[in-house]
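Asks: With the input below, show me the fold.
(one chain, ligands or ions: 2)
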Amino acid sequence: MSATGLPFDDIRALIASMPGPDVRARHDARHRQEELTKPSGSLGRLEEIAEWMAAWQGRAPSVDRPVVAVFAGNHGVAARGVSAYPSSVTQAMVENFAAGGAAINQLCATFDLGLKVFDLALDYPTGDISREAALSEKDCAATMAFGMECLAGEPDLLCIGEMGIGNTAVAAAIFAALFGGTAAEWTGAGTGHDAAGIRAKAAVVQEALDLHAPHLGDPLEVLRRLGGREIAAMAGAILAARQQRVPVIVDGFVATAAAAVLFAMDRSALDHCLFGHVSAETGHQRALQAMGKVPVLALGMRLGEGTGAAMAAAVVKAAVACHTGMATFTQAGVAGPA
Ligand SMILES: O=C(O)c1ccc[n+]([C@@H]2O[C@H](COP(=O)([O-])O)[C@@H](O)[C@H]2O)c1
Ligand SMILES: Cc1cc2nc[nH]c2cc1C
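Replies: Ligands and ions are numbered 1, 2, ... in the order given. Predicted coordinates for the structure are as follows:
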């Protein structure tokens with residue numbers, strides 16, 4: 001926490017001091033692509049991804065300690081009926097993650113990814129954003145700092161996911177505040193509302209936007225007023241990864257809302273991030289477009305809990321394996337282009 005002023009000052013200072021990519025490592029990776037036994041450019045996005053990994057890792061790319069970090073939080077606004085499920089599901093799913101019974105457990109086992117789950121004061125939901133701010137500035141900054149802890153094990157690839165009943169309403173509010181448009185344009189089915197349910201949910205999101213309207217010019221105010229603990233923690237984790245030059249894969253609609261707060265503060269803040277997939281949740285494609293991001297996968301998924309990011313981690317691992325493991329034309333004695 002800042003000794004000199006508002007807690008958000010430290011976050012602003014981190015944004016102002018973000019390292020950039022390693023241009024030399026990226027150049028070396030690009031050069032190697034041309035020597036590998038394949039027609040130039042034929043691995044398509046896999047080549048881009050290998051070069052992006054090299055640029056952020058600052059060396060020949062490798063994935064030896066990939067981690068999926070799942071942040072869980074509860075939301076006061078869930079009491080307004082914005083989710084198809086009760087808030088108790090957040091805690092129950094955290095227990096399911098610990099027991100190994102969730103989709104993310106299976107994906108981590110399949111692709112050999114570490115899994116860390118961080119539950120954030122689940123017994124104390126954040127303020128109902130349609131009536132008050134979700135968090136105080138102190139709580140919001142402290143939760144961002146907590147999120148930074150997921151870098152402790154020094155992962156070399158970090159997937160960011162979440163669990164939190166009600167958080168698609170929160171994410172819709174954040175997107176509308178950051179990128180403009182009405183609540184209805186950003187509000188979708190979440191865990192499974194019908195059309196009437198979506199309309200009622202959008203009305204609650206619009207109430208929140210109207211209530212906080214005078215304060216939404218500052219992205220950190222958007223985060224603390226309209227966000228939640230898991231959203232703040234994800235924003236902190238993405239920012240800490242940037243400081244340590246760890247490449248990040250962002251999951252779906254909700255994780256993207258956390259990332260978007262950083263993007264709104266600095267257009268280059270997500271250069272170290274890939275967006276794992278485009279979620280089926282209304283508004284995700286639009287949010288990605290607003291930031292100029294092209295998702296790695298489009299599988300019609302809308303689960304959250306890091307699953308879309310984990311699927312994309314498999315693609316990243318494959319990209320790096322080709323980049324590092326393939327023979328060059330010289331090594332294999334294969335004739336290069338005529
Ligand atoms: O991130 C997504 O793309 C996504 C889309 C729909 C639902 N979810 C998950 O479902 C929960 C939020 O949905 P809801 O309906 O309770 O707002 C939360 O646990 C999210 O992980 C996540
Ligand atoms: C069962 C269930 C599992 C989830 N995983 C992420 N969000 C979720 C929401 C629900 C309702």
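Asks: quick one: buried residues of stretch 98-106?
Replies: By neighbour count on 16 or more other CB atoms under 10 Å, the buried set for stretch 98-106 is A102, A103, I104, N105. C-betas here are computed from N, CA, C, even on glycine.
Asks: Just the ones of the residues you listed in helices?
Replies: Residues from the buried residues of stretch 98-106 lying in helices, with DSSP state H as the criterion: A103, I104, N105.
Asks: what's near enough to touch the residue nearest the centre of the chain?
Replies: Centroid-nearest residue in the chain: V250, 2.9 Å away (criterion: CA atoms, centre = their mean). The contact partners of V250, by CB atoms under 8 Å, 6 or more residues apart in numbering, come to I160, I238, T256, A258, A259, L270, C273, L274, F275, G276, A309.
Asks: Report the two of these separated the most.
Replies: A258 and L274 (14.8 Å; CB to CB).
Asks: more neighbours, these two?
Replies: Between A258 and L274, A258 has the larger neighbour count (other CB atoms under 10 Å), namely 31 against 26.
Asks: quick one: which helix or strand includes the closest residue to ligand 2 within the stretch 1-150 of the chain?
Replies: In the stretch 1-150 of the chain, the residue that lies nearest ligand 2 is Y85 (4.0 Å; CB to the nearest ligand atom). Y85 belongs to no helix or strand when assigned by DSSP states H and E.
Asks: now the one 4 residues further on
Replies: Here V89 sits within helix 88-99, counting by DSSP H and E.
Asks: contact partners of that helix?
Replies: By CB under 8 Å, 6+ apart, the surrounding residues in contact with helix 88-99 are 70, 72-74, 102, 104-105, 115, 117, 119, 122, 163-165, 305.
Asks: Return the residues of the stretch 1-150 of the chain in contact with ligand 1.
Replies: Residues of the stretch 1-150 of the chain found near ligand 1 (CB under 6 Å from any ligand atom) are S83, A84, Y85.
Asks: these two touch, right, the second one and G192?
Replies: To tie it back to what came earlier, the one meant is A84. Yes: if you go by CB atoms under 8 Å, A84 and G192 touch, sitting 4.4 Å apart.
Asks: Between those two, which is the more surrounded one?
Replies: With neighbours defined as other CB under 10 Å, A84 and G192 compare such that A84 has more, 15 against 10.
Asks: List the residues that contact the more buried one.
Replies: Neighbouring residues of A84 by CB under 8 Å, 6+ apart: G190, T191, G192, H193, G197.
Asks: again, only this time at 10 Å
Replies: When contacts are counted by CB atoms under 10 Å, 6 or more residues apart in numbering, A84 touches I165, A189, G190, T191, G192, H193, D194, G197, K201.
Asks: Give the buried subset of those residues as a ChimeraX selection command.
Replies: Selection of buried members from the contacts of A84 for ChimeraX, criterion 16+ other CB under 10 Å:
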select :165,189,190,191,193,197,201
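Asks: Tell me where the stretch 201-338 of the chain has helices.
Replies: 219-226, 229-243, 253-265, 284-290, 307-325, 329-332 (DSSP state H, counting those that start in this stretch).
Asks: Ok, which of these comes nearest K38?
Replies: It is, among the helices of the stretch 201-338 of the chain and with distance given as CB to CB, helix 307-325, at 8.3 Å.
Asks: The closest one to helix 253-265, inter-axis angle?
Replies: On the basis of axes from the mean of the first three to the mean of the last three CA atoms, to 10 degrees, helix 307-325 is oriented at 70 degrees to helix 253-265.
Asks: Contact residues of the stretch 151-300 of the chain facing ligand 2?
Replies: Counting by CB under 6 Å from any ligand atom, the stretch 151-300 of the chain comes close to ligand 2 at M163, T191.
Asks: ok so, going back, and the contacts of helix 88-99, which of them are buried?
Replies: The neighbour-count test (16+ other CB under 10 Å) marks 70, 72-74, 102, 104-105, 115, 117, 119, 122, 163-165, 305 as buried among those.
Asks: Specify which member of these is nearest to P219.
Replies: Ranked by distance to P219 (CB to CB), the buried ones among the contacts of helix 88-99 are led by G73 at 18.8 Å.
Asks: what about whichever residue of the stretch 51-200 of the chain sits closest to ligand 1, which helix or strand?
Replies: Closest approach between the stretch 51-200 of the chain and ligand 1, counting by CB to the nearest ligand atom: G190, at 2.4 Å. According to DSSP H and E, G190 maps onto no helix or strand at all.
Asks: For it, give its distance to G164.
Replies: 11 Å (CB to CB, to the nearest Å).
Asks: where do the contact lists of the two overlap?
Replies: S83, A171, V254, G304.
Asks: returning to what we had before: now render the buried residues of stretch 98-106 as CSV, adding pLDDT and distance to D210.
Replies: Listed next are the buried residues of stretch 98-106 as CSV, based on pLDDT from 0 to 100; distance: CB to CB, whole Å:
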residue, pLDDT, distance to D210
A102, 99, 36
A103, 99, 36
I104, 99, 36
N105, 99, 40
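Asks: Could you work out the most separated pair of those?
Replies: The widest separation within those (CB to CB) is 7.3 Å, between A103 and N105.
Asks: Please enumerate the strands of this protein.
Replies: Secondary structure of the chain, counting by DSSP state E: strands at 66-72, 114-119, 157-163, 248-250, 273-275.
Asks: Any idea which of those gets closest to R45?
Replies: Closest approach to R45 among the strands of the chain is made by strand 273-275 (9.9 Å; CB to CB).
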